[in-house]
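Visitor: return atomic coordinates for the entry below.
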Amino acid sequence: MTNIAAGVEGSNPLLNILIFAAFVLITLVIVFRASRNTKTASDYYAAGRAFTGPQNGIAISGDYLSAASFLGIAGAIAINGYDGFLYSIGFLVAWLVALLLVAELLRNTGKFTMGDVLAFRMKQRPVRAAAATSTLIVSFFYLLAQMAGAGGLVALLLGVSGSGAQALVIAVVGVIMIAYVLIGGMKGTTWVQIIKAALLIIGALVITVWVLGKYNFNFSSLLQAAVDKAGKAGETLLGPGKQYGATGTSKLDFFSLGIALVLGTAGLPHVLMRFYTVPTARDARRSVVWAIVLIGVFYLFTLVLGYGAGALVGPDAIKKAPGGVNSAAPLLALELGGPVLLGLISAVAFATILAVVAGLTITASASFAHDVYANVVKRGKTSPDSEVKVARITAVVIGALAIGGGILANGQNVAFLVALAFAVAASANLPTILYSLFWKRFNTQGALWSIYGGLAITIVLIVFSPAVSGKSTSMIKTADFAWFPLSNPGLVSIPAAFFLGWLGTVLSKEHNEKKYAEMEVRSLTGAGAEKAVVH
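Guide: Residues are numbered from 1 along each chain as shown. Next up, the predicted model:
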């Protein structure tokens, strides 16, 4: 294959393919070795609860530092400066919500999935079905972002720009992801995430030091170089307003985005499921602290990566490259260290995508198999072996859907796509989780209204927003059916979901005070947390 875009002059596709293949083979060997101990449902879903707090914290950071963190945010900072870095702030601050309100209580109350927590004191079948529906939809939105990132990255890695070739690349990513999940389960996926997190943070550190070294470790000189490279619009990179400008809609869009980012993390199913891979609630809490430190350090690196790409590569070259905005970090690596560093950084970014999509897929398949198949369809009368078999079949179906969706979303900024997933998680999941854990009066009708109402409102607003149609940056550029003015619906959908949860509860007479008291004791002390929660 030949290099097509000017932005990838000097890239060596053969070298990139070899480095990428080596990463895939190494991670597949790790997954295969881990799979030899995957014998029970607990092993497949929760890695046998065998990981320590620090190990799980590194894995969480690996799960969380996705294509959006590495490719999307670096590109957003390179193009939009200050406004692009706001994604990093939102993603990081969100962990305080997860640490203070969710991590320990969720670990004590559930077993494998979010549905376990919600069904603890409510009617099993309708609530589990709702939780599984929400999990599948959030996971699908997140998968779209990762697949879009994969298409853009490997387009750059292999020097291809045709839509057909990029679609083939996305399909290959999907097949490898499915193999990870089918072979290794949660244990194999977790080890891949630990290794990937270490490689990603080390790679980002190396480039950060290299970029700063070019400017005598003077960050102000780096900023000035980025301003100069951007030309007339350069000064706008250093202050707010380039992306979210002075208009009322832009300011509201930013506020809506911020709410979705900060509240979305504590509702992301693949993050919540990681709390079940540790033996105790204390380890769950420690894992979040480790994750906050590692993620915070990495987001500081993205500031240098983004402005470094702006200064050394330039916004115009980034926009013209295969993958567009998402190509900023790999193009910076090419500028600094030539084809070898480009190959290494692109392979690390690709490992990032593979690990995250594997985590998302296992979460979605576990939710369907554990909540829908085992507890709704079979009413709890099924064997762990058949449950795991259904989970594996579901993983294949989800992988196929993710491939199709990723091809459609190819070329979108992955940080923006992930922000939409956060909006769905914050609207459909977080209100129900918080009400379940902290409100004695909360009941089945409130949970159903909150989940389905939050989902419906969020998805309708997304479909009829500028994110999908009506702008040159929209997903469907040739149509215009947008009537909702905000690109991210969090400002409307999150309060609406909280309100629906409250309204549904007060309009129903159902109330299980005894079960709430039991749940409160378990969530705060961990007493009985190892027992099955199905009643």
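
Visitor: in what helix or strand does the residue nearest to residue 12 when sequence neighbours are not counted lie?
Guide: Spatial nearest neighbour of residue 12, chain neighbours left out: residue 339 (3.9 Å); criterion: Cβ to Cβ, 6 or more residues apart in numbering. In short, each C-beta sits where N, CA and C put it, glycine included. Per DSSP states H and E, residue 339 falls inside helix 328-367.

Visitor: got the angle between the helix or strand just after that helix and helix 328-367?
Guide: Remark: after helix 328-367, the chain's next helix or strand is helix 384-409, criterion DSSP H and E. Angle of helix 384-409 versus helix 328-367, following axes from the mean of the first three to the mean of the last three Cα atoms, to 10 degrees, is 140 degrees.

Visitor: quick one, helices of the stretch 1-150 of the chain?
Guide: Here the stretch 1-150 of the chain has its helices, by DSSP state H, counting those that start in this stretch, at 13-35, 41-46, 53-64, 67, 73-80, 82-97, 103-109, 114-118, 124-158.

Visitor: possible to save those helices as TSV with mean neighbour count, mean pLDDT and distance to residue 516?
Guide: TSV is the format used below for these (neighbours: other Cβ atoms under 10 Å; pLDDT from 0 to 100; distance: least, Cβ to Cβ, whole Å):
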stretch	mean neighbour count	mean pLDDT	distance to residue 516
helix 13-35	17	79	38
helix 41-46	24	62	25
helix 53-64	26	84	29
helix 67	28	65	40
helix 73-80	30	86	40
helix 82-97	21	81	22
helix 103-109	25	71	11
helix 114-118	26	75	13
helix 124-158	26	78	14
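
Visitor: could I get the ones you listed in TSV, plus columns for distance to residue 238?
Guide: Below are the helices of the stretch 1-150 of the chain laid out as TSV (distance: least, Cβ to Cβ, whole Å):
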stretch	distance to residue 238
helix 13-35	34
helix 41-46	46
helix 53-64	28
helix 67	26
helix 73-80	11
helix 82-97	6
helix 103-109	36
helix 114-118	41
helix 124-158	27
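
Visitor: among those helices, single out whichever gets nearest to residue 164.
Guide: helix 124-158 (11.4 Å; Cβ to Cβ).

Visitor: pLDDT of the following helix or strand past the closest one, averaged?
Guide: Under the assignment DSSP H and E, the closest C-terminal helix or strand after helix 124-158 is helix 163-214. Averaging pLDDT along helix 163-214 yields 83.

Visitor: just how off-centre is the helix holding residue 339 within its chain?
Guide: 13 Å (Cα atoms, centre = their mean, to the nearest Å).

Visitor: tell me the angle that helix makes with helix 13-35.
Guide: 30 degrees.

Visitor: can you pull the buried residues of helix 328-367?
Guide: 328-337, 339, 341-367 (16 or more other Cβ atoms under 10 Å).

Visitor: got a list of what residue 141 touches?
Guide: Residue 141 makes contacts with 417, 420, 421, 424, as judged by Cβ atoms under 8 Å, 6 or more residues apart in numbering.

Visitor: name the nearest residue to it, sequence neighbours excluded.
Guide: residue 421 (3.8 Å).

Visitor: touching, residue 20 and residue 348? I think so.
Guide: No - using Cβ atoms under 8 Å as the test, residue 20 is too far from residue 348 to be in contact (10.2 Å).

Visitor: for the residue lying farthest from the centre of the chain, what are phi and psi?
Guide: Most distant residue from the mean C-alpha position of the chain: residue 509, 37.5 Å away (Cα atoms, centre = their mean). The phi/psi pair for residue 509 (degrees, to the nearest 10) reads phi -90, psi -10.
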